[in-house]
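**Student:** My questions concern the predicted model and sequence given below.
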Amino acid sequence: MKLKLLSTMTMAAVLGLAGCANPDVYSGDVYGSRAAKQAQSVTYGTVTSVRPVLIQAGDENPNLIGTLGGGAVGGILGHQVGGGTGQVLATAVGAIAGSMIGSRAEDKINQVKAVELEVRTDSGENLIVVQKADRDWRPGQRVRLVGSGSNMSVAPN
């Protein structure tokens, strides 16, 4: 009974922590603290193509929570099988399988729906910007590009 309660609590904690990823940072409407009170360059242009893509969030600690949590739950569940050498083997297999499943689950949880926007600037340059799909974009739409390099967002004009 205690083991099942511990397994359930561990899985709830893993899923809860995995859900803490903040996908809003990929929105064109959210600025990081470093961008506050900083001058940003503005360029104007026209959207030439829109393509749905996914952003894989969580690159800082790839699958750490899912891998460890899944391994713990798998090991606990595997430990309940058999006895002696068979139990040790089942525990190891359960931990490995749980780690793999937890890692894949965290990958899926950390995906953010996004768009790849190709913009032709008024100066004739073609740019690609990927950001969270939090509004409808269409080819021919006038936009402004704020920032530069790896810190650029697209907003309606």
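**Tutor:** The structure has been received and is ready for your questions.
**Student:** So, low pLDDT: which residues of the protein?
**Tutor:** 1-37, 58-67, 70, 103-109 (pLDDT under 70).
**Student:** Just give me the longest strand of it.
**Tutor:** Using DSSP state E to define each element, the chain has its longest strand at strand 42-56.
**Student:** And that one, what does it pack against?
**Tutor:** Counting contacts by 3 or more CB pairs under 8 Å, 6 or more residues apart in numbering; DSSP states H and E, strand 42-56 packs against strand 111-121, strand 126-132, strand 142-148. The C-beta positions use only the backbone N, C-alpha and C, and glycine is treated the same way.
**Student:** In a markdown table: these, plus mean neighbour count.
**Tutor:** As requested, those are arranged in a markdown table below (neighbours: other CB atoms under 10 Å):
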| stretch | mean neighbour count |
| --- | --- |
| strand 111-121 | 18 |
| strand 126-132 | 16 |
| strand 142-148 | 16 |
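**Student:** how far does stretch 102-115 stretch from start to finish?
**Tutor:** End-to-end distance for stretch 102-115, by CA to CA, to the nearest Å: 27 Å.
**Student:** actually stretch 79-89, not the one I typed
**Tutor:** Distance across stretch 79-89, first residue to last, is 9 Å (CA to CA).
**Student:** Go through that stretch and flag the buried ones.
**Tutor:** Counting neighbours by 16 or more other CB atoms under 10 Å, one finds that the buried residues in stretch 79-89 are His79.
**Student:** Now do the contacts for His79.
**Tutor:** By CB atoms under 8 Å, 6 or more residues apart in numbering, the residues touching His79 are Leu3, Gln87, Ala90, Thr91, Gly94.
**Student:** now swap in Thr43 and tell me
**Tutor:** Applying CB under 8 Å, 6+ apart to Thr43 gives the contacts Thr121, Asp122, Ser123, Arg144, Leu145.
**Student:** Turn these into JSON lines, including distance to Val53.
**Tutor:** Formatted as JSON lines, the contacts of Thr43 follow (distance: CB to CB, whole Å):
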{"residue": "Thr121", "distance to Val53": "21"}
{"residue": "Asp122", "distance to Val53": "25"}
{"residue": "Ser123", "distance to Val53": "26"}
{"residue": "Arg144", "distance to Val53": "21"}
{"residue": "Leu145", "distance to Val53": "18"}
